[in-house]
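In: below: sequence and its predicted model.
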Amino acid sequence: MKIREMTIKDCDRVSEIEKATFSMPWSRDNFEGSILQENYCLLVAVPDEDEDDILGYCCFYYVLDEAEIPNVCVREDMRGRGIALRMMNELINRAKKLEVKDMFLEVRAGNEPAKALYSKLGFKDVGLRKGFYELPKEDAIIMRLNIE
C-alpha cells in the first residue's frame, strides 16, 4: 500500500466512499475544490498494484501554523488493517514540513475506534462541541496534537 496525493481523477471514487460512510458527506465538488486550494493537503491510500483503487483518504487545511483535519475515512471493507494509522502519520509528516505546530480535529463522542487512533497518535481532548453532528445528533470531541 502507498499513500499519495489525491488528484481530480480520484474525486468520483472518493465521493462514493464518502457518501457510503457519512450521514452528511462532502460532495465531489468539495473534494475537487479543496485539491485546487494551496492551503489543503489531501491524501489517498491505494494498493501498490492498483493506484485507482482508493482504500481511504484524509486531509487537512492550514492557516499559518495551525491545521484542521476535517476528513479521515477508510473504506468499510478495508477497516482494521492499519490504513488510517498510516494515512494519519503521513498527514502529520506533511504538516511538519509545512511548519505546522498544532493540528485539530473533531470526532464523534461515540466513535471509539477513531478516538483510540487519534489518542495513539498523541492527540489530546481539548474541548467539546455539544450537538455538533447531525443524523444522528451527537457531541463532538475536539482533539489537538502539538507537533512542534
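Out: Yep, that arrived. Since we're looking at a predicted model, the values are computed, not measured. Numbers count the residues shown, from 1 in each chain.
In: pull out the buried positions in the biggest helix by length in the chain.
Out: Ranked by residue count and defined by DSSP state H, the top helix of the chain is helix 83-97. Neighbour-count burial for helix 83-97, counted by 16 or more other C-beta atoms under 10 Å, picks out 83, 84, 86, 87, 88, 90, 91, 92, 94, 95. Where C-beta positions appear, they are placed from N, C-alpha and C, glycine not excepted.
In: residue at max distance from the center of the protein?
Out: In terms of distance from the mean C-alpha position of the chain, residue 49 ranks first, at 23.2 Å (C-alpha atoms, centre = their mean).
In: for that residue, helix, strand, or coil?
Out: Three-state call for residue 49 (DSSP: H, G, I helix; E, B strand; the rest coil): coil.
In: and the closest residue to residue 95 other than its chain neighbours, what is it in contact with?
Out: In this structure, residue 95 finds its nearest non-sequential neighbour in residue 67, 5.2 Å apart by C-beta to C-beta, 6 or more residues apart in numbering. Shown in contact with residue 67 (C-beta atoms under 8 Å, 6 or more residues apart in numbering): 60, 61, 95, 98, 100, 102, 103, 104.
In: what pLDDT does the fifth one get?
Out: In this case it means residue 100. In this model, residue 100 is scored at 97, pLDDT.
In: quick one: what helix or strand has it in it?
Out: Under DSSP states H and E, no helix or strand contains residue 100.
In: that one: what's it in contact with?
Out: Neighbours of residue 100 in contact, by C-beta under 8 Å, 6+ apart: 62, 65, 66, 67, 147.
In: separation between it and residue 109?
Out: 26 Å (C-beta to C-beta, to the nearest Å).
In: which strand residues bridge residue 143?
Out: Counting by DSSP bridges, residue 143 forms beta bridges with residue 105, residue 125.
In: surely it and residue 121 touch.
Out: No: contact criterion C-beta atoms under 8 Å: residue 143 and residue 121 do not qualify, at 9.4 Å.
In: neighbour count winner among these two?
Out: Each of residue 143 and residue 121 has its neighbours counted (other C-beta atoms under 10 Å); residue 143 has more, 22 against 17.
In: now for that one: which residues touch it?
Out: Per C-beta under 8 Å, 6+ apart, neighbours of residue 143: 104, 105, 106, 107, 115, 118, 123, 124, 125, 126.
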